[in-house]
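A.B. asks: I would like the atomic coordinates for the input below:
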Amino acid sequence: MKNSTMKHYNYKVGGKSYSVSHKDLVGYYKEFIKFSSEEFIERLPEILHLVCIVSYIDDYTTKEVLSDQGLLHQLIHLLHIPDEPLIIQEDIQRQFEEELRWLTPDATDKP
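C.D. replies: The predicted model follows:
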């Protein structure tokens, strides 16, 4: 990840400074991957927020997050068209777990 010091990420947007700890990101990730399907949907705003933060601080490409198969786009499908037969929540939850696994101490790179 860019702009990281001692597992803390500092960045600026529009003249404002922001900071987030890697430990906090990992904590949220570990909490979210344990969710049942129901909990995952109930807490989707928080999950979307984590994906936005991680995508920004690690410079994910637009294609990685916004394309039809991008993680953020897929998560938004769960809000917008959850009953669409092509939208399979379990697959999206698995995608979330796999694509953010690099946050954990035993993983070093994005997939």
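A.B. asks: all strands of the chain, in order?
C.D. replies: 4-5, 8-13, 16-21 (DSSP state E).
A.B. asks: so who does the closest residue to residue 22 other than its chain neighbours touch?
C.D. replies: Nearest residue to residue 22, sequence neighbours excluded (C-beta to C-beta, 6 or more residues apart in numbering): residue 7, at 3.9 Å. All C-beta spots, glycine's among them, are computed from the backbone N, C-alpha and C. Residue 7 is in contact with 21-23, counting by C-beta atoms under 8 Å, 6 or more residues apart in numbering.
A.B. asks: Read off the pLDDT value for residue 7.
C.D. replies: Model confidence at residue 7, expressed as pLDDT, equals 83.
A.B. asks: ok, it to residue 97 distance?
C.D. replies: Separation of residue 7 from residue 97 (C-beta to C-beta, to the nearest Å): 21 Å.
A.B. asks: Not counting sequence-adjacent ones, nearest residue to the most centrally placed residue in the chain?
C.D. replies: The geometric centre of the chain, computed from its C-alpha atoms, lies nearest to residue 51 (C-alpha atoms, centre = their mean), at 2.4 Å. Spatial nearest neighbour of residue 51, excluding adjacent residues (C-beta to C-beta, 6+ apart): residue 72 at 5.4 Å.
A.B. asks: Report whether the expected contact of that neighbour with residue 50 is present.
C.D. replies: No - using C-beta atoms under 8 Å, residue 72 is not in contact with residue 50, being 10.6 Å away.
A.B. asks: can you list contacts of stretch 81-94?
C.D. replies: Outside stretch 81-94, the residues that touch it by C-beta under 8 Å, 6+ apart are 33, 35, 37, 40-41, 74-75, 77-78.
A.B. asks: any idea which of these is the one closest to residue 62?
C.D. replies: Comparing the contacts of stretch 81-94 against residue 62 with C-beta to C-beta places residue 74 closest, at 14.4 Å.
A.B. asks: sorry, back to before: more neighbours: residue 72 and residue 50, which one.
C.D. replies: residue 50 (20 against 17; other C-beta atoms under 10 Å).
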